[in-house]
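J.: Turn this into a structure:
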Amino acid sequence: MLTTWARAAAPADGASPSDEVGAAWQLMADHLGRDAYVRLDRVRGVPTREQRLAQAVVVVDYQPVTPERLHAAEAIFADLARGEDEIAAQAAYLQARLYQVHYSQPDYGRAAELYRALAARQPDSHWAQLGLVKLGLLQLYVLPEPAGPAARLAAVAALLPRIKEEKLQRDVHLQLGQAGTFYGLPLDAVLAHLIEVNRIGGLVGQIEEDLAIQLGELSLRAGHYAAARTYFETYLRDFTPNLRSVTVRRRLAEMAAQEAKAQEGRP
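T.: Residues are numbered from 1 along each chain as shown. As a prediction, this is how the structure comes out:
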């Protein structure tokens with residue numbers, strides 16, 4: 001049964017299938033998978049490729065999720081992925097995501113294989129380039145090859161020239177910066193990626209705040225005091241005061257004290 005909100009949003013009789021599918025996408029974006037399922041079920045006639053894609057996405061999101069439903073969705077994704085349009089690219093991407101995050105037993109190797117195949121087949125598609133971002137995470141942390149931190153980071157850095165969308169390039173630089181910190185790589189190598197993330201911008205919420213703090217702390221540890229001061233002062237200017245602000249002010253005070261002491265020792 002439709003919820004009250006879905007009843008109010010339902011189009012008048014005679015609405016086209018494309019209207020119904022568009023409404024279903026919006027419902028899914030609003031985390032109303034059940035209502036989207038009902039909306040799509042109302043569409044009559046031979047389903048379009050977009051309708052089939054939407055139906056498979058709803059199946060993945062519809063609770064309770066079962067292995068049978070996920071395999072049914074994958075069959076649709078795999079069939080749609082045989083095309084050459086954007087729906088094919090999106091379907092191929094979503095098929096890979098099933099193996100990466102949705103199945104109870106992830107198959108990271110299969111997910112990587114699907115991401116690589118999509119990037120080779122439709123390299124300019126947004127979905128193919130987004131798939132390379134996801135592939136980067138797999139290469140950094142879970143795939144057996146390449147072995148060793150330096151080789152892992154080099155393999156992911158090699159993906160950057162293939163990614164044309166700047167915001168997706170930013171995401172890969174963020175992955176490389178975080179992984180470099182995790183693996184204990186030289187600070188300047190880590191900072192180069194995080195500085196690029198900061199240049200591109202567009203992060204929101206906690207990730208943006210974490211980046212601001214990280215840039216200041218890593219710059220300070222690397223001995224880039226002027227840069228560290230700039231990042232810390234920017235943090236205090238741009239973010240709502242919180243417990244971290246106390247630490248940032250302490251860092252600035254310590255830096256000022258060290259500079260004053262150095263000045264006293266000069267002739």
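J.: Select the helix or strand of the chain having the lowest average pLDDT value.
T.: Lowest on mean pLDDT, DSSP states H and E among the helices and strands of the chain sits helix 4-9, with a mean of 28.
J.: which other helices and strands contact the helix or strand following it?
T.: Under the assignment DSSP states H and E, the closest C-terminal helix or strand after helix 4-9 is helix 17-29. Helices and strands touching helix 17-29, as assessed by 3 or more C-beta pairs under 8 Å, 6 or more residues apart in numbering; DSSP states H and E, comprise helix 4-9, helix 33-41, helix 49-61. Backbone N, C-alpha and C define where each C-beta goes, glycine included.
J.: can you list those helices in JSON lines and add mean neighbour count and distance to residue 175?
T.: Below are those laid out as JSON lines (neighbours: other C-beta atoms under 10 Å; distance: least, C-beta to C-beta, whole Å):
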{"stretch": "helix 4-9", "mean neighbour count": "12", "distance to residue 175": "38"}
{"stretch": "helix 33-41", "mean neighbour count": "20", "distance to residue 175": "29"}
{"stretch": "helix 49-61", "mean neighbour count": "21", "distance to residue 175": "24"}
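J.: need these in JSON lines with distance to residue 82, can you?
T.: Formatted as JSON lines, those follow (distance: least, C-beta to C-beta, whole Å):
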{"stretch": "helix 4-9", "distance to residue 82": "33"}
{"stretch": "helix 33-41", "distance to residue 82": "22"}
{"stretch": "helix 49-61", "distance to residue 82": "11"}
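J.: So for residue 217, which of those sits nearest?
T.: helix 49-61 (38.4 Å; C-beta to C-beta).
J.: could you check the angle helix 33-41 makes with that closest one?
T.: Angle of helix 49-61 versus helix 33-41, following axes from the mean of the first three to the mean of the last three C-alpha atoms, to 10 degrees, is 150 degrees.
J.: How far off centre is helix 49-61?
T.: Distance of helix 49-61 from its chain centroid, counting by C-alpha atoms, centre = their mean, to the nearest Å, is 21 Å.
J.: between it and helix 17-29, how many degrees?
T.: 30 degrees.
J.: now what about helix 49-61, what contacts it?
T.: With contacts defined as C-beta atoms under 8 Å, 6 or more residues apart in numbering, helix 49-61 is touched by 17-18, 21, 24-25, 28, 33, 36-37, 40, 43, 47, 69-70, 72-73, 76-77, 79-80, 83, 85, 87, 90-91, 94, 98, 102.
J.: Can you say which of the residues you listed are buried?
T.: 17, 21, 24-25, 28, 33, 36-37, 40, 43, 47, 69-70, 73, 76-77, 80, 87, 90-91, 94, 98, 102 (16 or more other C-beta atoms under 10 Å).
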